[in-house]
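J.: only geometry, no sequence info:
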């Protein structure tokens, strides 16, 4: 995701020099703290910001400094600097807990939840298990402990969808995530992903590929909030991308793979709204390798703070979840 056109440094003259075609003007933006502005497509997120339920961390990145989508996503999800690390940071967190349960809303099992702890997964499908069929399948699987347990788990999850839509659109996935978390015996952690942020061309400003993606994200977040109901007040939502994009636009009015980026922290559990950043500037000498927004905050330090202040993780737990990561970040009043 191009964080520079989402949480826009409208005070930085170099931003406009680097992006003659795709820079967002101040009058197009929704004003944030310290001279930043939010892309107008994020209408619901901005309303939450005004209600002290949304904040942003800018000029942040994982420990990864290359530009491969595949390796970048792996590092974001395993919480290390090694793309080959096989265990997700969320799974390491779950291994330290007794009362936390997670679900992946995905057609596969994403790396973030892979590991020793069993995590549920769900994705829309067209299969309809009638009661009689379910009883026959349960009887068929009863002599195999693993099959029986997996079938029982899948039927439990299906009961939580309350006969909801089986389409695979982001809005529906977010709605089902909210249903799972708000269910009486449901999980309290859900992970989802939204692709489509690789805006090498035609990125646009108020219209274009990025605006379309942000609209999709914003509407999905609103659907999630409504599906959560009262649970929204005890929820934190984190949205992060594997890396940012180049500070300068390219020859096709887009941006290429970069480094520093912006994270979203949202939810009814927040106590304040702000843009948290140690802003490095966008002059050539201030940019990473002369081309990217220089990261000044490690995403893992932000995640540590959320796990500590929102989920009650102690120092030993944080060390297990994010070995060799920086200390928790100071998020000001966002989490109280």
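T.: Thanks, I have the structure now. This structure is a prediction, so every number in the text was calculated from the model and none was measured.
J.: now for the helix or strand that contains residue 308, which elements pack on it?
T.: Element membership of residue 308, judged by DSSP states H and E, is helix 299-309. If you count contacts as 3 or more Cβ pairs under 8 Å, 6 or more residues apart in numbering; DSSP states H and E, helix 299-309 packs onto strand 54-61, helix 89-95, strand 237-239, strand 261-266, helix 315-321. The C-beta positions use only the backbone N, C-alpha and C, and glycine is treated the same way.
J.: buried deepest among those, which one?
T.: strand 54-61 (a mean of 27; mean count of other Cβ atoms under 10 Å).
J.: which strands and helices lie in contact with that one?
T.: Against strand 54-61 (3+ Cβ pairs under 8 Å, 6+ apart) you get strand 7-9, strand 36-38, helix 43-50, strand 261-266, strand 275-276, strand 297-298, helix 299-309.
J.: now tabulate those in CSV and tack on distance to residue 245 and mean pLDDT.
T.: Output for the helices and strands packed on strand 54-61, formatted as CSV (distance: least, Cβ to Cβ, whole Å; pLDDT from 0 to 100):
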stretch, distance to residue 245, mean pLDDT
strand 7-9, 13, 98
strand 36-38, 17, 98
helix 43-50, 20, 98
strand 261-266, 8, 98
strand 275-276, 19, 98
strand 297-298, 17, 98
helix 299-309, 16, 98
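J.: helices along the protein, start to end?
T.: Applying DSSP state H to the chain gives helices spanning 13-18, 43-50, 69-78, 89-95, 131-141, 145-160, 170-182, 209-228, 299-309, 315-321.
J.: how about the second one: buried residues?
T.: Spelled out, it's helix 43-50. Residues 44, 45, 46, 48, 49 are the ones in helix 43-50 that count as buried (16 or more other Cβ atoms under 10 Å).
J.: nearest to residue 290 among those?
T.: Using Cβ to Cβ, residue 45 is the member of these that sits closest to residue 290, with 31.7 Å.
J.: is it true that residue 197 touches residue 240?
T.: No: using Cβ atoms under 8 Å, residue 197 is not in contact with residue 240, being 11.4 Å away.
J.: between the two, which one's more packed in?
T.: Taking neighbours as other Cβ atoms under 10 Å, residue 197 and residue 240 compare with residue 240 leading, 20 against 17.
J.: who are the contact partners of the more buried one?
T.: Residue 240 is in contact with 76, 261, 263, 264, 299, counting by Cβ atoms under 8 Å, 6 or more residues apart in numbering.
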